[in-house]
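Okay, here's the prediction I keep looking at, along with the sequence it came from:
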Amino acid sequence: MRPTPPDERVLARRRLVGEQIRRVRKAHALTQHDVCGRSGIDIATYSRIEQGHSSPLLDTLIRIADAIGVDLAELVRR
C-alpha cells in the first residue's frame, strides 16, 4: 500500500523549514557544499531539503545543524 501524500499544510511547512535552513546556512557564510562536506549528506539530497522537495529524517536535520554549528531548534523556527 502506498503512503498517503502529505497535505498542502505539511508541504507548506516543509518549504518553510527548507527556507529557514537556507537562511541559517547563509547567515553563517556557508555554501551547500560546505554543509554537505561537514555533514556527509549528498549535495542533491541537501538541495532537495532546502527547496522543500524532500522531508529529512530527524537524524539528517541533526547532522545539518551540527554542520552549520547551530541548535536543531534554529533550523525549524518560523
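That came in fine, so what should we check first? Treat the numbers as computed from the prediction; the structure is a model and nothing was measured.

Not counting sequence-adjacent ones, nearest residue to R15?
Closest residue to R15 apart from its sequence neighbours, by CB to CB, 6 or more residues apart in numbering: G52 at 3.3 Å. Heads up, the C-betas are built off the backbone N, CA and C, glycines and all.

what kind of secondary structure is the one you found in?
coil (DSSP: H, G, I helix; E, B strand; the rest coil).

For burial, what's the neighbour tally of it?
When neighbours are defined as other CB atoms under 10 Å, G52 has 18 of them.

got the contact list for it?
L11, R14, R15, L16, V17, G18, E19 (CB atoms under 8 Å, 6 or more residues apart in numbering).

Do you know the pLDDT at it?
Predicted confidence (pLDDT) at G52: the value is 95.

Quick check: the gap between it and V17.
Distance of G52 to V17, computed by CB to CB, to the nearest Å: 7 Å.

ok, so what distance separates L61 from R2?
In this view, L61 and R2 are 25 Å apart by CB to CB.

which of these two has more neighbours?
Taking neighbours as other CB under 10 Å, L61 and R2 compare with L61 leading, 16 against 4.

which element follows whichever strand or helix holds A44 toward the C-terminus?
For A44, the host element (DSSP states H and E) is helix 43-50. Remark: after helix 43-50, the chain's next helix or strand is helix 58-68, criterion DSSP H and E.

buried set for the helix or strand just after that following helix?
Moving toward the C-terminus from helix 58-68, the next helix or strand (DSSP H and E) is helix 72-76. Across helix 72-76, burial judged by 16 or more other CB atoms under 10 Å covers L75.

Right, I'll leave it there.
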